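Asker: The following comprises the amino acid sequence and a computationally predicted model.
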Amino acid sequence: MTLELPVSVWYWITALGSVGVMGPVALIIAAWLALGYRWTYAGAWLALLGVASGLVALSKIAFIGWGIGMRNLDFTGISGHALMSTSVLPVAVFVALLPARGPLRALGVAVGLLLGLAVGVSRVVLDAHSVSEVVAGCALGAVVALAFVRFAWRAEPGKLAPMPVAASFAAVVIALHGVPVPTQHWITEIALGLSGHARPYVRASWKVKRPRAPEHRTEVQAADPDAA
């Protein structure tokens, strides 16, 4: 499945949704909201995104550490790329267009959601996630974005012009696009530390209902003094 696009293009699209890109954009959104509008908007935005990101992390930790998932849906955790792209991109466009009329802002939010959906599709095309994992990520991201847009829709326009705000977002995306951030490694380490297992659960064996029972770290170290 390539949807008539070269694989290199799908990799470019998928990199747009990485935490290394969307995370800084999310923080800049909060900064602009605090500077040009009200701190309550910045706080609400970070709180919504933080809760959603926590759900993504918990879903991944549950599978990696304990093998908790849904085999019938091929679900091992919410897609972080899908969540970040469908939550951050619509809100970034919305904040840039806050001084504009309502229909233009609504159109911008729709465009942001479509861009986020494209990132989600790229995760399926590249076999990084199953359809169910991407659907969950996109749905959760859309809820975050639309909840914040509804909350901030009637914000009084501040002193911020659309161009500087949009330029700051573009600069971050261009500067950080493709820069790797080992979030999966960090989550795996946390999952193993919490579960006490030496090895993570993996999708391949879990799907065929032959999950490899990971030894506890203490058992591995007792058998092999040099084991990490």
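Answerer: Great, that's in hand. This one's a predicted model, so the numbers in the text were calculated from it and none came from an experiment.

Asker: pLDDT below threshold where in this structure?
Answerer: Where the chain drops to pLDDT under 70, the residues are 1-3, 158, 210-228.

Asker: same thing but 50
Answerer: 1, 213, 218-228 (pLDDT under 50).

Asker: any chance you could map the helices in it?
Answerer: Ranges of helices within the chain are 7-16, 19-36, 39-66, 80-96, 102-125, 131-152, 162-176, 183-195, 203-207, 217-223, based on DSSP state H.

Asker: I'd like to know how far Val125 sits from Val202.
Answerer: 21 Å (Cβ to Cβ, to the nearest Å). No exception for glycine: its C-beta is placed from N, CA and C like everyone else's.

Asker: repeat for Ile28
Answerer: 36 Å.

Asker: quick one, which of those two is more surrounded?
Answerer: Ile28 (18 against 15; other Cβ atoms under 10 Å).

Asker: quick revisit: which one of the helices of the chain lies closest to Leu73?
Answerer: helix 131-152 (4.1 Å; Cβ to Cβ).

Asker: In that closest one, which residues are buried?
Answerer: Buried residues in helix 131-152, counted by 16 or more other Cβ atoms under 10 Å: 132-138, 140-142, 144-146, 148-149, 152.

Asker: Enumerate every residue touching Arg154.
Answerer: With contact set as Cβ atoms under 8 Å, 6 or more residues apart in numbering, Arg154 has no partners.

Asker: typo on my end, it should be Gln184
Answerer: Lys60.

Asker: Return the closest of the buried residues of helix 131-152 with respect to Leu104.
Answerer: Val149 (13.1 Å).

Asker: ok, that closest one touching Val91?
Answerer: Yes: contact status for Val149 versus Val91: in contact at 6.9 Å, counting by Cβ atoms under 8 Å.

Asker: Quick check: Met84 touching Ala15?
Answerer: No: the pair Met84 and Ala15 does not pass the contact test of Cβ under 8 Å, sitting 11.7 Å apart.

Asker: And for Leu194, the neighbour number?
Answerer: Counted with other Cβ under 10 Å, Leu194 comes out at 13.

Asker: about what we covered before: of the helices of the chain, which is nearest Asn72?
Answerer: Set against Asn72 and scored by Cβ to Cβ, these come closest in helix 131-152, at 9.2 Å.
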